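> build the 3D model from these lines:
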Amino acid sequence: MDLIKTKNRPISLRFVRELHEKLMNQARSSHFCDPGEFRKSQNWIGGTKPDNARFVPPPVVEMHQALNDLEHFIHQKDNILTFIKAGIIHSQFETIHPFLDGNGRTGRMLITFYLHQEELLDRPVLFLSSFFKKHQELYYEKLASYHNGKASEWIEFFLDGVIEIANEAMDIAHKITELREQDMAKIQALGKRASESAILILPKLYGQPVVNVALIQRWTGFTRITAQAAINRFIDLGILMPKNKDKKYGRSYIYKTYIDIFSD
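Model (predicted):
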């Protein structure tokens, strides 16, 4: 996400609003989510009204005070371990529930941006969403424990998620390294001219694994004919494959082996 450079912009309430606006404008959401704006009315979780809800966040006035306290906590210099503090920031944000919709996705991204800001991640790439979704009922149960003063139960669950996702990320990184070495070997076996042009393309596929002729032209400066020839060479090597075989014009090509690593 190119929304915010956390190295240059500390996490603030304005940051949170901009993050929410970006997330809600890029995803399907309710018509009443008010992207980028803190709620101006009471909300609740579960049930049909606050009286029978599973959880009722603080009223608007108290919400603003709680958000100010959270912002102060984020920047406060203390002895709390960073991963534990990230877990507290997330659970406190979800407790405050400052938006009409999209609190979950915003709160999950806050974890990643906070760890990036604190320089535990070179890039904001550690996402716990899959862990929370995989253990959704337990996630809500542990958040409820936090609401009821049992913060340690939530923190233990949160740290289990960090460990699991970090291990998965290392496994993915290892598989990507192996694939890159295999495909680079295929390219180096080509003739000198063909391998030189292919080497211009392969590294960029890891950031953009679905390409077309126009994109290859932008990357390399090749003519349309030369760009198509390079794509055909990648197909012959088993690196790319047509994404839409039935389409005669404007075809896209996909680095499927690479993409499949993330769905294993």
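
> could you identify the helix or strand that succeeds the helix ranked longest in the chain?
Ranked by residue count and defined by DSSP state H, the top helix of the chain is helix 151-188. Next along the chain after helix 151-188, taking DSSP states H and E as the criterion, comes helix 192-205.

> in the longest helix of the chain, which residues are buried?
Buried residues in helix 151-188, counted by 16 or more other C-beta atoms under 10 Å: 151, 153-155, 157-158, 161-162, 165, 175, 179, 183, 186-187. (Glycine included, C-beta is placed from N, CA and C.)

> wait, what's in contact with residue 254?
209-210, 240-243 (C-beta atoms under 8 Å, 6 or more residues apart in numbering).

> out of the buried residues of helix 151-188, who's nearest residue 118?
Relative to residue 118, the closest of the buried residues of helix 151-188 is residue 162; by C-beta to C-beta it sits at 13.3 Å.

> circling back: which elements pack onto the longest helix of the chain?
Contacting helix 151-188 under the criterion 3 or more C-beta pairs under 8 Å, 6 or more residues apart in numbering; DSSP states H and E are the following elements: helix 82-96, helix 129-134, helix 136-147, helix 192-205, helix 256-261.

> most neighbours per residue, which of these?
helix 82-96 (a mean of 20; mean count of other C-beta atoms under 10 Å).

> next SSE downstream of that one?
Helix 82-96 is succeeded, C-terminally, by helix 103-117 (DSSP H and E).

> can I get that next one in PDB? Just the C-alpha atoms.
What follows is helix 103-117, C-alpha atoms only, in PDB (Å, rounded to 0.1, in the frame of the first residue of the first chain):
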ATOM      1  CA  ASN A 103     -12.800  -1.500  12.200                       C
ATOM      2  CA  GLY A 104     -11.500  -5.000  11.800                       C
ATOM      3  CA  ARG A 105      -9.500  -4.500   8.600                       C
ATOM      4  CA  THR A 106      -8.200  -1.100   9.800                       C
ATOM      5  CA  GLY A 107      -7.200  -2.600  13.200                       C
ATOM      6  CA  ARG A 108      -5.400  -5.500  11.500                       C
ATOM      7  CA  MET A 109      -3.400  -3.100   9.200                       C
ATOM      8  CA  LEU A 110      -2.400  -1.100  12.300                       C
ATOM      9  CA  ILE A 111      -0.500  -4.100  13.600                       C
ATOM     10  CA  THR A 112       1.600  -4.300  10.500                       C
ATOM     11  CA  PHE A 113       2.200  -0.600  10.200                       C
ATOM     12  CA  TYR A 114       3.100  -0.300  13.900                       C
ATOM     13  CA  LEU A 115       5.700  -3.200  13.600                       C
ATOM     14  CA  HIS A 116       7.100  -1.500  10.500                       C
ATOM     15  CA  GLN A 117       7.300   1.900  12.200                       C
END
